[in-house]
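Student: after the sequence you'll find the predicted model.
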Amino acid sequence: MKKEVKGRKNSSLTRRSFLKLTAGAGAALAGGVGAPLITRSQEKEYVRPVGEPIHMFAWSYAVDMIRHHNRKFEMKYKIPVSLGALPTGPKYIDLMIANFIAGTQVDMMYLQDWYLLPFIASGWVVPYNACECYKEWEPKLKDYVDDMEGFFKRIWVRDGQIWGIPYYTSAWSISHNETMYKKAGITKYPETWDEVKEQGLEFKKQKILKYPYTWDLGKGWWLSYQINSMVFSEGAENFDGNLEPLMDKPGSTWQEKIEWCLDAMHTSKILDPKSLELNEAENWRNMANGGSVMTMSPRYRIAQIAGHSKFKAIGGKTGVSLIPGKTHGSVSWTRAYAFTKFTKHPDTWKLIDYLGGKGVDGAYTNAVDWMKDKGLDGGYKSLWKNPVIIRELNKWGDAEVFKEQNARARGEKLVPWIQEWILTYRTETHKALTRQVKPAVAAKAIVAGWRKGQKDFPNFKYIG
């Protein structure tokens, strides 16, 4: 299946970071690591092909849609697919590592951008270029790379090697309860953070809500997306081009945005302090229940807010805009279909091409499904011209605004020590937001964690 992969020198994981990344894997093995989810009772509609299946692992989001796409592939190519669906988030990574340690056949997998470099360093994933199929696949891959969103390409195409094509991409986005804006007589959405504060005070004055805003500021997965999107919205960075931290510098934008949140919670009282306890799912449900005039979240949550029965019952109507700020930037993220070093099935590339490329009648059919039905961006620029996608996105948002936000978004700095450092980031950021420490003290602790990672990988060269 695979050819020799070159160019991995200076990329090995340290023992400490490997142990950190694999924490919990042993327990996961004891409890099983995910079974194929296509059962006999679900296969009555068609005759499943026989033979050795392609072993695909994914997280358990919209499993019915994954099955639907896999069934179409089976019917077209007469090749069976075995689907292992695992819990989302960090648990998914723990369970995948457990599979790797056990030597489970994993022909392909979903992979988050945060874990690409650690997985490359460990040798668990390999580039498409290493596949014996590459010569046959190369013309289509070149077309895909040319069409990829810039922030996807920068992460998954490195030193001429392709490590994935899109499952989906997204950018941290803002949504408004348009009904509440009309009730308050506010006719435009805020374009700066000063306007966010001004409008929040007006909402309070008119008693629209005690706390007009509720955001995801809990110590969880998405905290960095929220705070860093506020930083990026001003055209600022947390690191310079040489990966030197800027957060601990006096007057840094990061500290400024932490102070903005503290003022909003405790002085102007426009931001609900319960935000500090919410996770991302609780935050969007609060918005759907009418608990916030405006919030920020993954874009696909806006579709869920708009379609929520309680939101409709209170007469809610979603409105969208660019993130406030000088440049309206935000954080983007990417998810891809990856090969692993355990890939054995020679036709795995056909399934990846079918799911993430133009393997369906020469069109991004499956990407269109995810985009129009679930609000998951397809990762290709040309999809923003698709009339079906435009029509469906405009039902609950604005396709042009989403396209523009993507153009202004950028990914966080991805480094081999990200999985350790991000825990420090969340912990210290949350300490600052809960007033356990001053923002400057938290910034110093975050930078210290970054320096520790740099020492573990002295020869790491940042690509972008």
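Tutor: Arrived safely, thanks for sending.

Student: Ile258: what secondary structure?
Tutor: helix (DSSP: H, G, I helix; E, B strand; the rest coil).

Student: quick check: Ile54 touching Pro346?
Tutor: No: with contacts counted by C-beta atoms under 8 Å, Ile54 stays clear of Pro346, the gap being 9.5 Å. No exception for glycine: its C-beta is placed from N, CA and C like everyone else's.

Student: who has more neighbours out of the two?
Tutor: When Ile54 and Pro346 are compared for neighbours, Ile54 comes out ahead with 27 against 15, by other C-beta atoms under 10 Å.

Student: ok, what's across the strand from that one?
Tutor: Val81 (DSSP bridges).

Student: shift numbering so it begins at 38
Tutor: Sounds good: first residue 38 from here, last item Ile91.

Student: doesn't Ile103 belong to a helix?
Tutor: Yes: using three-state DSSP, the assignment for Ile103 is a helix.

Student: what ranges do the helices span in the stretch 338-487 of the chain?
Tutor: For the stretch 338-487 of the chain, the helices defined by DSSP state H, counting those that start in this stretch cover 346-350, 385-393, 402-411, 424-430, 436-445, 455-470, 476-493.

Student: these: which one's closest to Tyr147?
Tutor: For those, distance to Tyr147 was read as C-beta to C-beta. The smallest value, 10.1 Å, belongs to helix 385-393.

Student: pLDDT of that closest one, averaged?
Tutor: Helix 385-393 shows a mean pLDDT of 97.

Student: how far off centre is that helix?
Tutor: 21 Å (C-alpha atoms, centre = their mean, to the nearest Å).

Student: ok, now stretch 227-235?
Tutor: 26 Å.

Student: can you point out the buried residues in that stretch?
Tutor: 227, 230, 233-234 (16 or more other C-beta atoms under 10 Å).

Student: same question for it, mean pLDDT?
Tutor: So the average pLDDT for stretch 227-235 ends up being 98.

Student: list the contacts of that stretch.
Tutor: 236, 250, 267, 270, 297, 301, 305, 307, 331, 358-359, 361-363, 365 (C-beta atoms under 8 Å, 6 or more residues apart in numbering).

Student: ok, now how distant is the residue lying closest to Leu392 once chain neighbours are set aside from Lys363?
Tutor: What sits nearest to Leu392 in space, not counting adjacent residues and going by C-beta to C-beta, 6 or more residues apart in numbering, is Asn403, at 5.4 Å. Remark: distance between Asn403 and Lys363 (C-beta to C-beta, to the nearest Å) = 37 Å.

Student: wait, what's in contact with the most centrally placed residue in the chain?
Tutor: Nearest residue to the geometric centre of the chain (C-alpha atoms, centre = their mean): Trp370, 4.1 Å. By C-beta under 8 Å, 6+ apart, Trp370 lies in contact with 149-150, 206-208, 262, 448-449.

Student: farthest-apart pair in those, please.
Tutor: Taking C-beta to C-beta, no two of the contacts of Trp370 sit farther apart than Gln149 and Ala208, at 15.1 Å.

Student: name the residue in those two with the higher neighbour count.
Tutor: Ala208 (26 against 19).

Student: wait, that one sits on His365?
Tutor: No: between Ala208 and His365 there is no contact under C-beta under 8 Å: 10.7 Å.

Student: spit out the residues that contact the two alike.
Tutor: With C-beta under 8 Å, 6+ apart, Ala208 and His365 have common neighbours Gln442.

Student: tell me the secondary structure at Ser334.
Tutor: From three-state DSSP, the assignment for Ser334 is strand.

Student: so what's it closest to, chain neighbours aside?
Tutor: Using C-beta to C-beta, 6+ apart, the closest residue to Ser334 is Trp321 (5.1 Å).

Student: in the host helix or strand of that neighbour, what's buried?
Tutor: Assigning secondary structure by DSSP states H and E places Trp321 in helix 317-325. Judged by neighbour count using 16+ other C-beta under 10 Å, the buried positions of helix 317-325 are 317, 319-325.

Student: contacts for it next, please.
Tutor: Contacts of helix 317-325 (C-beta under 8 Å, 6+ apart): 212, 214, 251-253, 255, 257-259, 312, 315, 329, 332, 334-335, 338, 341-342, 345, 347-348, 353.

Student: quick one, which of the residues you listed are buried?
Tutor: 212, 214, 251-253, 255, 257-259, 312, 315, 329, 332, 334-335, 338, 341-342, 345, 348, 353.
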